Structure formats: C-alpha cells, structure tokens
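Asks: Fold the stuff below for me.
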Amino acid sequence: MESPLIPKKENAIDYAENILFELYGKEKIQYEKPYQIHLICDYWIMTGTLPKGMKGGTFELVFDSWNGKILILKHGK
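Replies: This is a model prediction of the structure:
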C-alpha cells in the first residue's frame, strides 16, 4: 500500500519552510509562528499568524500530501 510523500505534520512543516524561507526569507516566515496547519482531504493547508495587535499579512500555502504539488502559495501585505 502506498503512503503519501508528506505523511506527517512535522514533514509538512519542513517541506513548507524550505519553500517559504527561499521565497520570503527565514526571519520573516519564522516571525509568523505559530503556524496553523491542517490535513484536509489529502491536502496540507498551512498559514502563518501574527502577534496580537500587529498589522500585516501572512503566508498561505496549500499542497498535496501525496506528491508535494503546490496548489496555493501567497503572502498578504
């Protein structure tokens, strides 16, 4: 029986951080912790959070747990 390429939450965070750090910078993305991450219908849905009272946007990333294909990748302002 096959298993997903990215089966666990920890794997999904590592995968996402590699992509996000490259695009937006490690410091900016780590500032958006804690991440919100959920596996829904074989898709990892991950977003950043901002400290209370801070203005600005966070990242949103949706990718397939079976092959890592990115469906949504954006960052608010």
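
Asks: burial count for A12?
Replies: The tally of other residues near A12 (other CB atoms under 10 Å) stands at 23. All C-beta atoms are positioned from the backbone trio N, CA, C, and that covers glycine.

Asks: Who are the contact partners of it?
Replies: A12 makes contact with 6, 37, 39, 44, 46, 63, 65 under the criterion CB atoms under 8 Å, 6 or more residues apart in numbering.

Asks: 7 Å instead?
Replies: Residues near A12 by CB atoms under 7 Å, 6 or more residues apart in numbering: 6, 37, 44, 46.

Asks: Could you point out the helix or strand that follows the helix or strand containing it?
Replies: Per DSSP states H and E: A12 is located in helix 9-24. Following helix 9-24 in sequence order, the next helix or strand is helix 26-30 (DSSP H and E).

Asks: Any figure for the gap between the residue most central in space within the chain and G53?
Replies: Central residue of the chain (CA atoms, centre = their mean): M46, 3.8 Å from the mean position. To G53, M46 is 23 Å away according to CB to CB, to the nearest Å.

Asks: Before I go, just wanted to say thanks for your time.
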